[in-house]
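# Below are the sequence and a predicted model; questions follow.
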Amino acid sequence: MSDPATLPGLLPLLASAFGSGAVTQLARQLARSTPPRVRVVIALATAAGIAALTVTALLTVFMRPAPAPALLLAAACVTGWSGPGILTRLGTLLERKLGLPGDLTREWPRNETRRTDPGRADGQTEA
């Protein structure tokens, strides 16, 4: 097996993370009572795959000793189920840890309750 510290060594891991995140989001979208349009499903699955790839790559860098492949696969699937919104939260967390001001338009109110937006057909919650 090649050295996992090099990019060619990480490619199989990152490809499987992308695939697991995308397939998990695809399954979530297709399990809905009224499946969304194909373009929306493809976009959400791709974004979830990118999020899963990102989280998996970060876990391989920051966790020592190196995490087990099963843990990385589980993290990719959980991230894929959560969807691309986790990247916004992760970006905000990293900006705060680094002391950067960040994008003030995406800050979430602290004490506001979540509510379903009646204007959205998918029933997503609004922060």
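The structure has been received and is ready for your questions. Residues are numbered from 1 along each chain as shown.

# which residue is nearest the middle of the protein?
For the chain, the residue nearest the mean C-alpha position is A51 (3.3 Å; Cα atoms, centre = their mean).

# the bottom helix or strand of this protein by mean pLDDT?
For the chain, counting by mean pLDDT, DSSP states H and E, strand 115-116 ranks last in confidence among helices and strands (a mean of 48).

# Would you map the helices across the chain?
For the chain, the helices defined by DSSP state H cover 7-30, 38-62, 69-82, 85-98.

# May I have the last one exported as CSV, CA atoms only?
Only the C-alpha atoms of helix 85-98 are listed here, as CSV (Å, rounded to 0.1, in the frame of the first residue of the first chain):
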residue,chain,number,x,y,z
GLY,A,85,-24.7,22.8,5.3
ILE,A,86,-22.0,21.3,7.5
LEU,A,87,-19.3,23.1,5.5
THR,A,88,-20.8,26.4,6.5
ARG,A,89,-20.8,25.5,10.1
LEU,A,90,-17.3,24.1,9.8
GLY,A,91,-16.0,27.2,8.1
THR,A,92,-17.5,29.4,10.7
LEU,A,93,-15.9,27.3,13.5
LEU,A,94,-12.5,27.4,11.8
GLU,A,95,-12.8,31.2,11.3
ARG,A,96,-13.6,31.7,14.9
LYS,A,97,-10.7,29.5,16.0
LEU,A,98,-8.3,31.4,13.8
